[in-house]
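Engineer: can you look at this prediction? I've put the sequence above it.
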Amino acid sequence: MDRAPYTKLETFNLRQKRIAASCRLFFPEDPIKIVRAQGQYAYDEKERAYLDCINNVAHVGYCHPDVVKAGSDQMALLNINTRFLHDHITHYANRLSETLPPELSTFYFVNSGSEANDLAVRLAQQYTRHQDIVVLENAYHGHLTSLIDISPYKFKSLRPQKEWVHVAPIPDTYRGKYREQHPDPGAAYANEVKAVIDEAEKKNRKVAAFFVESLPSVAGQIIPPAGYFQKVLEHVHDAGAVFVADEIQTGFGRVGKCFWAFQLQGDDFVPDIVTMGKPIGNGHPLSCVATTKEIANVFDATGVEHFNTFGGNPVSCAIGLAVLDVIEKEDLRGNALRVGTYLMSLLNELKAKHPAIGDVRGAGLFIGVELVNDRQERTPAPEVAKNLVERMKEEFILISTDGPDRNVIKFKPPMCFTMENAKFVVNKIDKILSGQSGCNQTSSLQPE
Ligand SMILES: Cc1ncc(COP(=O)(O)O)c(C=O)c1O
């Protein structure tokens, strides 16, 4: 690249002209131009460092040297499709299998979370010979046509719900139908899934899959109650359907205690299909579907080849392997547990101080802070959340919101996030919620 970089204003203007408006910018009135990143920090064109609390794609840290080296070394040697024998894809599938229950022993590699989920839909439909899909309220599973149809977060403002899609209540014990005082919210929410399946069957429909994020993130950083997945699995299997765990946001040790978020529910729970994406390649487009031999064999029995031009190529697999190595070598799962626990404890201290914080929930470095206008009524406070996100940006900290009311502050930082980062961020939130923090930034889209 011999061209001098554009000024921020030029970049913005050209983007407005050439990039579709539906591709939204973060902070559209005052977007940030990021030119490089390292670890948990992203740097703008003026070398100002933003502490990133939300990018779960840069899982082992932006531009981790081991991942960069693995990718560039392999790129210099060979990149080719998967119709030839190659050690990386087999070795990588083997390494992934070591993180999963033994039943999930067969792998497909694709290029994005959406591709993984679309393939999961096909596997489920082919295996069960049923069509219908049950999802949770406000779920998001990807941007392909098939996935917009099963993502209430998107389809509710786009088009009517398809007759083959059924929506069950979100198992949210803070704001949902069954709350923390319920004796067994896991069973109660699982019965809601059964009721949805029963209702579909009454209309002569047959359910192929229950599709769920292991910890619903877009729906508001929800931690499903204990026993929920086991009981749902029973109902799902009784209906001849399969259980798909979408680990695209939550996998690869983020939750600290275990490698996969579905394992938080206990060792006795094994989904039929697991989909992976985002953190898997630390920013490189790579994703994966893991399933049982039985399901994969039924898919194969159609006689139709599954081919994906880029999926599972040697460069992607070298990068995937390097990500697994770094997670292990740097004990990032342990770090997620330690730093996440510390961050939650600091946030709970803030909750005791600031009535706007209604709930703090999470596992490892997957944390949600629900902001409310009235603690008793639990009325969502999206304007408080929006203001907090904007003020944090002025402090060079990137946070964001999730949930249908956009009142849940989410934390999903790169896994190298430190105790000092946690303290720093909570200190800033405290100051902002106390009304003490001034505006540091003058910036914006000014001519330079
Ligand atoms: C839970 C979940 N599933 C699937 C996807 C789709 O992944 P991608 O954007 O890589 O296609 C996303 C993306 O945000 C997601 O959050």
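Structural biologist: Happy to help now that I have it.
Engineer: quick one, helices of the stretch 301-448 of the chain?
Structural biologist: With helices called from DSSP state H, counting those that start in this stretch, the stretch 301-448 of the chain shows them at 314-329, 332-353, 382-394, 419-433.
Engineer: what comes up buried for the first one?
Structural biologist: Right, the one you point to is helix 314-329. 314-324, 326-327 (16 or more other C-beta atoms under 10 Å). In this view, the C-beta of every residue, glycine as well, is placed from N, C-alpha and C.
Engineer: just to revisit the earlier point, just name the most buried of the helices of the stretch 301-448 of the chain.
Structural biologist: helix 314-329 (a mean of 22; mean count of other C-beta atoms under 10 Å).
Engineer: ok, that one near the ligand or not?
Structural biologist: No - using C-beta under 6 Å from any ligand atom, helix 314-329 never reaches the ligand; the gap is at least 13.5 Å.
Engineer: what's that helix packed up against?
Structural biologist: On a contact count with 3 or more C-beta pairs under 8 Å, 6 or more residues apart in numbering; DSSP states H and E, helix 314-329 meets helix 65-77, helix 87-97.
Engineer: test my guess that I397 contacts C53.
Structural biologist: Yes - applying C-beta atoms under 8 Å, one finds I397 in contact with C53, separated by 6.4 Å.
Engineer: which neighbours do the two share?
Structural biologist: Common contacts of I397 and C53 (C-beta atoms under 8 Å, 6 or more residues apart in numbering): V425.
Engineer: residues in contact with F229?
Structural biologist: V212, F243, A245, F262, Q265, F269, P271.
Engineer: so which residues on the stretch 251-400 of the chain come close to the ligand?
Structural biologist: Residues of the stretch 251-400 of the chain lying near the ligand (C-beta under 6 Å from any ligand atom): G277.
Engineer: enumerate every residue touching the residue nearest to P169 when sequence neighbours are not counted.
Structural biologist: In this structure, P169 finds its nearest non-sequential neighbour in E192, 4.9 Å apart by C-beta to C-beta, 6 or more residues apart in numbering. Applying C-beta under 8 Å, 6+ apart to E192 gives the contacts A168, P169, K177.
Engineer: select only the buried ones of those residues in PyMOL?
Structural biologist: To isolate the buried subset of the contacts of E192 in PyMOL, counting by 16+ other C-beta under 10 Å, use the following:
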select buried, resi 168+169
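Engineer: just the contacts of E192 now: which is nearest the ligand?
Structural biologist: Nearest to the ligand out of the contacts of E192 is A168 (C-beta to the nearest ligand atom; 16.3 Å).
Engineer: bridge partners for that closest one, pull those for me.
Structural biologist: Beta-bridge partners recorded for A168 (DSSP bridges): L136.
Engineer: hmm, back to that, what would the contacts of E192 look like in a markdown table with distance to L286 and pLDDT?
Structural biologist: Conversion of the contacts of E192 to a markdown table gives the following (distance: C-beta to C-beta, whole Å; pLDDT from 0 to 100):
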| residue | distance to L286 | pLDDT |
| --- | --- | --- |
| A168 | 30 | 98 |
| P169 | 33 | 98 |
| K177 | 37 | 95 |
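Engineer: can you lay out the contacts of E192 as TSV showing distance to the ligand?
Structural biologist: Converted to TSV, the contacts of E192 look like this (distance: C-beta to the nearest ligand atom, whole Å):
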residue	distance to the ligand
A168	16
P169	18
K177	22
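Engineer: so which of the contacts of E192 would you say is closest to K206?
Structural biologist: A168 (16.4 Å; C-beta to C-beta).
Engineer: what sits against that closest one?
Structural biologist: Neighbours of A168 in contact, by C-beta under 8 Å, 6+ apart: V134, V135, L136, E137, Y189, E192, V193, V196, F210.
Engineer: give me every residue that touches the second one.
Structural biologist: V135 makes contact with H141, I150, S151, P152, V165, H166, V167, A168, F210, F211, V212 under the criterion C-beta under 8 Å, 6+ apart.
Engineer: pLDDT score assigned to it?
Structural biologist: With respect to pLDDT, V135 scores 98.
Engineer: start the count at 59 instead of 1 going forward.
Structural biologist: Sure thing, new numbering starts at 59, so read that last one as V193.
Engineer: give me the domain ranges for the protein.
Structural biologist: The chain breaks down by the TED database into domains covering 66-121+389-492, 123-388.
Engineer: circling back to that earlier point, okay if I get the helices of the stretch 359-506 of the chain as CSV plus distance to C81?
Structural biologist: Formatted as CSV, the helices of the stretch 359-506 of the chain follow (distance: least, C-beta to C-beta, whole Å):
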stretch, distance to C81
helix 372-387, 24
helix 390-411, 30
helix 440-452, 20
helix 477-491, 28
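Engineer: including mean pLDDT and distance to R312, could the ones you listed go into a markdown table?
Structural biologist: Output for these, formatted as a markdown table (pLDDT from 0 to 100; distance: least, C-beta to C-beta, whole Å):
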| stretch | mean pLDDT | distance to R312 |
| --- | --- | --- |
| helix 372-387 | 98 | 10 |
| helix 390-411 | 98 | 6 |
| helix 440-452 | 98 | 21 |
| helix 477-491 | 98 | 15 |
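Engineer: which one of those helices lies closest to A107?
Structural biologist: helix 477-491 (11.5 Å).
Engineer: still on that earlier bit, which one's more surrounded, I455 and C111?
Structural biologist: C111 (24 against 20; other C-beta atoms under 10 Å).
Engineer: re earlier: got JSON lines for the helices and strands packed on helix 372-387, with mean neighbour count too?
Structural biologist: Supplementary listing: those in JSON lines, determined by neighbours: other C-beta atoms under 10 Å:
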{"stretch": "helix 123-135", "mean neighbour count": "16"}
{"stretch": "helix 145-155", "mean neighbour count": "17"}
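Engineer: got the ones you listed as JSON lines, with mean pLDDT and distance to N393 columns?
Structural biologist: Formatted as JSON lines, the helices and strands packed on helix 372-387 follow (pLDDT from 0 to 100; distance: least, C-beta to C-beta, whole Å):
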{"stretch": "helix 123-135", "mean pLDDT": "98", "distance to N393": "16"}
{"stretch": "helix 145-155", "mean pLDDT": "98", "distance to N393": "20"}
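Engineer: need these in CSV (columns: distance to the ligand).
Structural biologist: Shown next, in CSV, are the helices and strands packed on helix 372-387 (distance: least, C-beta to the nearest ligand atom, whole Å):
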stretch, distance to the ligand
helix 123-135, 18
helix 145-155, 17
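Engineer: closest to L423 out of the ones you listed?
Structural biologist: helix 123-135 (18.3 Å).
Engineer: that closest one: how far from the chain's middle?
Structural biologist: 25 Å (C-alpha atoms, centre = their mean, to the nearest Å).
Engineer: and which of the contacts of F287 is nearest the ligand?
Structural biologist: V270 (9.5 Å).
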